[in-house]
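Asker: Here is my input; please provide its structure:
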Amino acid sequence: MNCSEQIASEATQTLVVCVASSFNWIGLVGPAVILLSVAVAAYGVAMARASTRQRATLDMIEKVESTPYYQEQNSVFSYHRRQNGFAKLHSPAETKDREERRAILGYLNHYELVSIGIRRKILDEAFYREWMRGPFVRDWNAAADFIQRERWKWDAQSEKWDYHHVLFENFQKMACRWSEEAIVLTKSFSKPPEAPSGPGDEALPDGKKSDKSA
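Answerer: Sure thing, here's the model as predicted:
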């Protein structure tokens, strides 16, 4: 290496050292600490929300299933499920049948409310599914024909049947998400009744009518 090359090399090394020395590494520490703090805080919030959902789910299961009101509804539903006796409740002729119809609808409404809570992330899906997946899907399938019949509503003004698909739709979505064996109800699953006959046939004025049957 000649003298000029040596001088150029030393100058380059000096420049690199000067540039490196002028770079403020300390300036990166602040933003890094902030990002780490944000990440830790976000993780803590997520964990707290998950814990809250699990606690809410456990409280719901304990409180609901321990109440006499729910136990009575469960007893009525289980009886008709074993006897395959839901059909007569569409047009109850006796007081006992009318009371049992209300109990069945109350029991199904509980499942619908739970499904809404899960879909809106108020309740913990994994926790509830681990506890109730089997009975949940079993009860959906057992009540499917009853629910399908209840979805057909008679519009007295147009004198046509309306398929009210929103009835227990969240219950259906959860059951189908959890099991391939869950029955899928659609308008084509069954034809409308020949004539209105029961208290559940009245049209529901909720603005969500769909699929009018001629």
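
Asker: where along the protein do the strands fall?
Answerer: Here the chain has its strands, by DSSP state E, at 152-155, 160-163, 212-213.

Asker: Identify whichever of the ones you listed lies nearest to R53.
Answerer: strand 160-163 (33.8 Å; CB to CB). Bear in mind the C-beta positions are built from the backbone N, C-alpha and C, glycine included.

Asker: that older thread, okay, the strands of the chain in JSON lines with mean neighbour count next?
Answerer: Shown next, in JSON lines, are the strands of the chain (neighbours: other CB atoms under 10 Å):
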{"stretch": "strand 152-155", "mean neighbour count": "19"}
{"stretch": "strand 160-163", "mean neighbour count": "20"}
{"stretch": "strand 212-213", "mean neighbour count": "12"}
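
Asker: Serialize these to a markdown table and add fields for mean pLDDT.
Answerer: Listed next are the strands of the chain as a markdown table, based on pLDDT from 0 to 100:
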| stretch | mean pLDDT |
| --- | --- |
| strand 152-155 | 92 |
| strand 160-163 | 93 |
| strand 212-213 | 48 |
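
Asker: Make CSV from the ones you listed and add distance to D145 to it.
Answerer: As requested, the strands of the chain are exported to CSV (distance: least, CB to CB, whole Å):
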stretch, distance to D145
strand 152-155, 12
strand 160-163, 15
strand 212-213, 18
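
Asker: Name the residues that touch stretch 133-152?
Answerer: 77, 81, 86-87, 89-90, 104, 107-108, 111, 129, 161-165, 167-168, 171-172, 174-175, 178-179, 181-183, 185, 189-190, 192-193, 200-201 (CB atoms under 8 Å, 6 or more residues apart in numbering).

Asker: go again using 6 Å as the cut-off
Answerer: Stretch 133-152 is contacted from outside by 81, 86, 90, 161, 163-164, 167-168, 175, 178-179, 182-183, 185, 189-190, 192, 200, using CB atoms under 6 Å, 6 or more residues apart in numbering.
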